[in-house]
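[1] sequence unknown, structure follows:
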């Protein structure tokens, strides 16, 4: 009887270990992803950052459904992509940021785009 109880306790603790390990690993991957975003990987390494982000979302989904084995596989891929995105972002030239073009010389006002409606008089 005592032996059966020990085996049952061991099996329950094994499940707790998998959940705890997956939780810790998920936090580690999310920190890698945050570091990559802080390095502007979402601007300089769009593909790698998107892959890391999507694998992290899928890992979080699998983790939420208690499929820790699938979550671990997704986290491993997310970590690899996050590392690659961080490396690419660090190597990218800083003046080559998407969406940050400085067009101060060509500043336009809303009135520059106004056109008369056909048939209207001035």
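    Nice, thanks for sending it over. Keep in mind the model is a prediction, meaning the values are calculated, not measured. Numbering: from 1, shown residues only.
[2] mean confidence score for the helix or strand where residue 23 lies?
    Per DSSP states H and E, residue 23 falls inside helix 2-38. The average pLDDT within helix 2-38 is 73.
[3] what residues are up against residue 70?
    Residues in contact with residue 70 (Cβ atoms under 8 Å, 6 or more residues apart in numbering) are residue 62. C-beta here means a position set from N, CA and C on the backbone, and glycine is covered the same way.
[4] so what's the backbone phi/psi at residue 48?
    Backbone torsions for residue 48, taken as degrees, to the nearest 10, come to phi -60, psi -40.
[5] Can you tell me how far it is from residue 85?
    Distance of residue 48 to residue 85, given as Cβ to Cβ, to the nearest Å: 4 Å.
[6] ok, now residue 59?
    16 Å.
[7] just residue 74 next, same as before
    16 Å.
[8] Look at these two and report which has more neighbours.
    residue 85 (29 against 23; other Cβ atoms under 10 Å).
[9] And the helix or strand containing the more buried one, what's buried?
    Element membership for residue 85, per DSSP H and E: helix 68-91. Using 16 or more other Cβ atoms under 10 Å as the test for burial, helix 68-91 gives 68, 70-72, 74-75, 77-82, 84-86, 88-89.
[10] Equivalent analysis for stretch 50-67, please.
    Quick answer for stretch 50-67 (16+ other Cβ under 10 Å): 51, 52, 53, 55, 56, 58, 59, 60, 62, 63.
[11] Please look at the first one and residue 88 and confirm they touch.
    No: contact between residue 51 and residue 88 fails when scored by Cβ atoms under 8 Å: they sit 11.6 Å apart.
[12] Output the contacting helices and strands for the helix or strand following the helix holding residue 23.
    Per DSSP H and E, helix 2-38 leads on to helix 41-44 as the next helix or strand towards the C-terminus. In terms of contacts (3 or more Cβ pairs under 8 Å, 6 or more residues apart in numbering; DSSP states H and E), helix 41-44 is packed against helix 46-64, helix 68-91.
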